[in-house]
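Participant: need a structure here:
(one chain, ligands or ions: 1)
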Amino acid sequence: MLRVVETQCAQCRTATSETVLADRLIRTLPENEVFGGKLRIVECNECGLRYLNPTPDVRDLGHIYDYDVYEDSTNNNPVLMEHFYRTLTRYVPKPQRLIEIGCGTGDFLAWLQSQGIPNVEGVEFADSANRVKYNGPLHVGRMEDIDLPDASYDVVLLLNVIEHLSDPQAVLVKIRRMLKPGGVLLLRHPNSDLFFFKPYWLCVEVPKYLMHRRLMKRGKRTGFTIAGFQNQHLFYFHRRAITRMLNSAGLHMQHFSTTDPYNRLRIGKSLKKGKPIEAGIAGVRHVLGSIGLGPECLSVATPQQ
Ligand SMILES: [Zn+2]
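Facilitator: Below is the predicted model of the structure:
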């Protein structure tokens, strides 16, 4: 059994006025069993931040990430890498020094190096991180505990990581210090505005749940047990909560979008293949993304003057 602890809002540091979200679903998830079924998703009535409370004990986080099939699933596909690169170079056309927090096996860093960014570095919590694919320093450990130089980076990447951190606010403050004047943070996280089906909370969790099942099978084949894939998310951000947290960390949001570059590609491809229904679905997803209801949020933030 893994341990849980009572926590408070990581942003306004209050422990009052919480609304329980998706209770029926999260209580019965197989991933919650290892925590004695105790994990709950709550919403702070002060600031709207959504988070797990009780949450996994930080002393057990190692167990949650302790599986050998861990790999960089988000960033090693060319469409997304291109999309991220184009977004960040709009603000920093020629980045010289870049760091990715939660770099996994470093696929995206290797790709960025091939685009001509001379100095790339990574931070990774999981110990499988020593199998990195890029040429540059790797800092192993929790971002909360690692020392990195001030005013040194043109770009900090935090892609699908902030929702895993024990203290996201402290990490954003640290990032603000690490950025050069004019440097940017590229930030991506799941969009908790898709919780509109509460109490069932379908949109965000079902794909991850399916992925978990697939990983479980893979784990069995390779002799590893995967514990709590689902519940490695400790926070569930939406636009209002992330804007507020960036501001209180001394960062200013320059760009926000939930569009997925795939959908536009899919419209064209499906039409070419003579599949108008698929093209229609991609079209609807594209429109939802452009009005803030895509599954992932991408934002760019710079240090406040
Ligand atoms: Zn709060």
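
Participant: so where's the protein shaky on pLDDT?
Facilitator: 16-17, 22, 25, 29-31, 61-76, 126-131, 195-232 (pLDDT under 70).

Participant: from N53, how far off is the residue at the greatest distance from the centre of the chain?
Facilitator: Here the centre of the chain is the reference, and by C-alpha atoms, centre = their mean the most remote residue is G274, at 35.1 Å. Distance check for G274 against N53: by C-beta to C-beta, to the nearest Å, it reads 50 Å. The C-beta positions use only the backbone N, C-alpha and C, and glycine is treated the same way.

Participant: swap in H164?
Facilitator: Going from H164 to N53 by C-beta to C-beta gives 16 Å.

Participant: then K174?
Facilitator: On the measure of C-beta to C-beta, K174 and N53 end up 24 Å apart.

Participant: what's the biggest strand by length in the chain packed up against?
Facilitator: When the chain is parsed with DSSP state E, its longest strand is strand 179-190. Using 3 or more C-beta pairs under 8 Å, 6 or more residues apart in numbering; DSSP states H and E, the elements in contact with strand 179-190 are helix 78-89, strand 153-159, helix 168-178, helix 239-248, strand 296-303.

Participant: as TSV, the ones you listed with mean neighbour count would be great.
Facilitator: Shown next, in TSV, are the helices and strands packed on strand 179-190 (neighbours: other C-beta atoms under 10 Å):
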stretch	mean neighbour count
helix 78-89	16
strand 153-159	24
helix 168-178	20
helix 239-248	18
strand 296-303	22
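
Participant: so which of the ones you listed comes closest to the ion?
Facilitator: helix 239-248 (8.2 Å; C-beta to the ion).

Participant: check which element follows the closest one along the chain.
Facilitator: Remark: after helix 239-248, the chain's next helix or strand is strand 251-257, criterion DSSP states H and E.

Participant: before we move on, back to that, of H164 and N53, which one has the most company?
Facilitator: Using other C-beta atoms under 10 Å, the more surrounded residue of H164 and N53 is N53, with 22 against 18.

Participant: which residues touch the more buried one?
Facilitator: E6, T7, Q8, E18, R40, I41, V42 (C-beta atoms under 8 Å, 6 or more residues apart in numbering).

Participant: count of neighbours near the first one?
Facilitator: Just to be clear, that refers to E6. Using other C-beta under 10 Å, E6 has 9 other residues around it.

Participant: how far away is it from L39?
Facilitator: Here the criterion is C-beta to C-beta. By it, E6 lies 12 Å from L39.

Participant: what do those two both touch?
Facilitator: Joint contacts of E6 and L39 (C-beta under 8 Å, 6+ apart) are P54.

Participant: any figure for the gap between the residue of the stretch 51-200 of the chain found nearest the ion and K94?
Facilitator: As assessed by C-beta to the ion, the ion sits closest to Y51 within the stretch 51-200 of the chain, at 8.8 Å. For Y51, the distance to K94 (C-beta to C-beta) stands at 38 Å.

Participant: between the two, who's got more neighbours?
Facilitator: The residue with more neighbours, out of Y51 and K94, is Y51; 25 against 9, by other C-beta under 10 Å.

Participant: quick check: phi and psi on the more buried one?
Facilitator: phi -160, psi 170 (degrees, to the nearest 10).

Participant: would you mind listing the residues in contact with the residue lying closest to it once chain neighbours are set aside?
Facilitator: Excluding the flanking residues, the one nearest Y51 by C-beta to C-beta, 6 or more residues apart in numbering is F235, at 4.8 Å. Counting by C-beta under 8 Å, 6+ apart, F235 makes contact with A10, L49, R50, Y51, L52, I162, E163, L165, P168.

Participant: repeat that for 6 Å
Facilitator: By C-beta atoms under 6 Å, 6 or more residues apart in numbering, the contact set of F235 is Y51, E163, P168.

Participant: please identify the helix or strand for L271.
Facilitator: helix 261-272.

Participant: run through who's touching that helix.
Facilitator: V79, H83, E278, A279, A282, G283, R285, H286.

Participant: what does stretch 144-155 rub up against?
Facilitator: Contacts with stretch 144-155, where a contact means C-beta under 6 Å, 6+ apart, come from 88, 92, 95-99, 139, 167, 170, 177-180, 183-184.

Participant: may I have it as PDB, with CA atoms only?
Facilitator: Output in PDB follows, covering the C-alpha atoms of stretch 144-155 (Å, rounded to 0.1, in the frame of the first residue of the first chain):
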ATOM      1  CA  GLU A 144      12.100  21.100  -6.400                       C
ATOM      2  CA  ASP A 145      15.600  20.000  -5.000                       C
ATOM      3  CA  ILE A 146      18.000  20.700  -7.900                       C
ATOM      4  CA  ASP A 147      20.100  23.900  -8.100                       C
ATOM      5  CA  LEU A 148      20.300  25.600 -11.500                       C
ATOM      6  CA  PRO A 149      22.000  28.900 -12.400                       C
ATOM      7  CA  ASP A 150      20.100  32.200 -12.400                       C
ATOM      8  CA  ALA A 151      19.400  34.300 -15.500                       C
ATOM      9  CA  SER A 152      21.100  31.700 -17.800                       C
ATOM     10  CA  TYR A 153      18.500  30.100 -20.100                       C
ATOM     11  CA  ASP A 154      16.800  31.400 -23.200                       C
ATOM     12  CA  VAL A 155      14.100  28.700 -23.100                       C
END
